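Peer 1: With the sequence up front, the predicted model follows.
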Amino acid sequence: MYKNFHINDINLTKYLFFTGKGGVGKTSTACAMAVALADNGKKIMLVSTDPASNLQDVFDTELNNKGVKIEDVPNLTVANFEPEAAASEYKESVIAPYRGKLPDVVIQNMEEQLSGSCTVEIAAFNEFSGFITDKKAAEEYDHIIFDTAPTGHTLRMLQLPSAWTNFISESTHGASCLGQLSGLEDKKDIYKNAVENLADGEKTTLILISRPDTSALIEAERASVELQEIGVENQLLVVNGVLQSHDDDLSNEIYNKQQGTLRNIPEGLKSLEIFEIPLRPYNIAGIENVRSFFSSGDIKYIDENIDIKKTVSLGKVVDDLYNSDKKVIFTMGKGGVGKTTIAATVAMELAKKGKRVHLTTTDPAAHLSFVIDESFGITISNIDEKKELERYQEEVLRKARETMSDDDIAYIEEDLRSPCTQEIAVFRAFAEIVERSNDEVVVIDTAPTGHTLLLLESTQSYNKEIARTQGDTPESVKNLLPKLKDDKLTEVLIITLPEATPYYEAKRLQEDLERAGIFSKWWIINSSFYATSTTNEILKAKAANEVQWINKISEVAEGKAALIKWTAEDLKGENLSELLN
């Protein structure tokens, strides 16, 4: 439908930023671009700021944050930042001056405020702003390629005057991601230059990476609009993983589904130049595969065996939830892994076994009603994320306006656009539903992260200790946190895919939950080609490449992993039972 991606078709600027949701192929595309340009004689620096980066595996080389020359690609230097380590150091530099001077509960609250994804992103920006403003690097390299671009939220925050005050020690409004910039006054000019360079279309191109599925394209549209709002307008879209060869039932279904999605691409992306990269039957690791990524569909099998006994069916997971009499069940995982479908299946099957079940979701109501309805013996509610967020934002801003300056209000307004704030707003609505449903099983699709739970808990302690209670924690939330930490009542199902990025992201999610004391027993590996009987050569090779990730997940899950086969049809109603086997 669109022309194949080739570097000769692109107006190449000095700085090339790749962005898109996890697992769409940002790293693969950025690496292939870097190697292709280096092979053409250009001097290239490739920089990753992704916490789940697998650049070391791609180039089979130990990397650092300064840059390492790649032996097999003479013109290429690769740097791999560790934003989480940088965030840790940064967090300590902000908090250290207050240790011993403020009560422990206040320190705990500050630590949690600085533990979110926003802080990790600021720390990453702190690292790469050096590269984008470094005159020496600009002279030395023809192109500097960044795997993972900053979000519009982070960039807008960097432009606000209030962001540069020591906000965390003074803030009382109860929002979620404060103080990331306190203590960075000396970097203000560097950041300003970095943001200006990003918005300069002569210097910077933003390459949005997506897959031919609806959730990835919606995320690409959101990133595109957010970044256009702050002047980053030189953009193009690359759709990765388009199946072009189809010759059995499964591959025909996938082909038709992908083409339907591409025909209905979101409005906000239609004005961009759009390219596609065919679905490759190999993982992008090793120089040979990176070099062939843009041009070759040769079949390359990874020869690794699987002990299929290590995985069970989703039916076994439902039996376990029933037998252990769980009252609150969350499905958690990144967007696009199938949380809604699995939550609906679990709810329906528990109802069949005689449980009273309530299913709640933040998924748009139309989608959920397409999957399941109340005729299957469950009650359903839908949380409107937008409305909940607006309600929460207005409440916080109303209180903030009583005491704060316009500059500070601008900072709070930006802070309230962060992902953490949305989770907190939605979580309050979840809390009300769970409290209302003490006598039935509540299945919750899309849950807050461990960081958000800890933030709510630490803010609650903070508000108890300090008599400043703007941004009150509702009673329903106070009651819910202890319930969520009770492993006899609550369980999280971690949903993932048999691929590198979804695996690493799910692993981080599990660590977050452990930090928050939330019980998680089962990992669900969704949409597996390995579990199908496809005869299509490309899909068979993809299936073979899944084995290493299924093995890794089984190991982390200590054998508590369920495997669900890839299906092209939109499962709904009674058909959801097909996922059980």
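Peer 2: Here it is on my side, so go on.
Peer 1: switch to C-alpha atoms for all contacts and neighbour counts from now on
Peer 2: OK.
Peer 1: isn't there a strand covering Ala79?
Peer 2: Yes - Ala79: assigned to a strand according to DSSP: H, G, I helix; E, B strand; the rest coil.
Peer 1: Run through the bridge partners of it.
Peer 2: Beta-bridge partners recorded for Ala79 (DSSP bridges): Val47.
Peer 1: Residue ranges in the stretch 251-400 of the chain under the pLDDT threshold?
Peer 2: Residues of the stretch 251-400 of the chain that meet the criterion pLDDT under 70 lie in 296-309, 335, 363-367.
Peer 1: Could I get the full set of strands for it?
Peer 2: In the stretch 251-400 of the chain, the strands defined using DSSP state E, counting those that start in this stretch lie at 273-278, 311-312, 328-332, 357-361, 378-382.
Peer 1: then the last one to PDB, C-alphas only?
Peer 2: Extracted as PDB, the C-alpha positions of strand 378-382 are listed here (Å, rounded to 0.1, in the frame of the first residue of the first chain):
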ATOM      1  CA  ILE A 378     -21.400 -10.600  34.400                       C
ATOM      2  CA  THR A 379     -21.900  -6.900  35.200                       C
ATOM      3  CA  ILE A 380     -19.800  -4.400  33.300                       C
ATOM      4  CA  SER A 381     -18.700  -0.900  33.900                       C
ATOM      5  CA  ASN A 382     -16.600   1.400  31.800                       C
END
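Peer 1: about what we covered before: could I get the strands of the stretch 251-400 of the chain in JSON lines, plus columns for distance to Asp247 and mean neighbour count?
Peer 2: Below are the strands of the stretch 251-400 of the chain laid out as JSON lines (distance: least, CA to CA, whole Å; neighbours: other CA atoms under 10 Å):
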{"stretch": "strand 273-278", "distance to Asp247": "16", "mean neighbour count": "19"}
{"stretch": "strand 311-312", "distance to Asp247": "29", "mean neighbour count": "20"}
{"stretch": "strand 328-332", "distance to Asp247": "34", "mean neighbour count": "25"}
{"stretch": "strand 357-361", "distance to Asp247": "37", "mean neighbour count": "25"}
{"stretch": "strand 378-382", "distance to Asp247": "40", "mean neighbour count": "18"}
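Peer 1: Mind putting the ones you listed into TSV with distance to Lys203?
Peer 2: Shown next, in TSV, are the strands of the stretch 251-400 of the chain (distance: least, CA to CA, whole Å):
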stretch	distance to Lys203
strand 273-278	18
strand 311-312	49
strand 328-332	39
strand 357-361	43
strand 378-382	44
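Peer 1: Backbone dihedrals for Leu63, both of them.
Peer 2: Main-chain dihedrals, Leu63, degrees, to the nearest 10: phi -110, psi 160.
Peer 1: Do I have it right that it meets Ala79?
Peer 2: Yes - here Leu63 lies in contact with Ala79, judged by CA atoms under 8 Å, at a distance of 6.2 Å.
Peer 1: returning to that earlier point: Ala561 is nearest to which of the strands of the stretch 251-400 of the chain?
Peer 2: Evaluated over those, closeness to Ala561 peaks at strand 311-312, with 5.1 Å, by CA to CA.
Peer 1: Return the distance of Arg222 relative to Lys66.
Peer 2: Between Arg222 and Lys66 the computed distance is 32 Å (CA to CA, to the nearest Å).
Peer 1: of the two, who's got more company?
Peer 2: Using other CA atoms under 10 Å, the more surrounded residue of Arg222 and Lys66 is Arg222, with 18 against 11.
Peer 1: so where does that one fall, helix or strand?
Peer 2: Secondary-structure element containing Arg222, defined by DSSP states H and E: helix 214-229.
Peer 1: After that helix, which helix or strand is next?
Peer 2: As assigned by DSSP H and E, the chain's next helix or strand after helix 214-229 is strand 235-242.
Peer 1: Show me the contact partners of that next one.
Peer 2: Strand 235-242 has contacts (CA atoms under 8 Å, 6 or more residues apart in numbering) with 5, 24-25, 205-212, 224, 255, 258, 269, 272-280.
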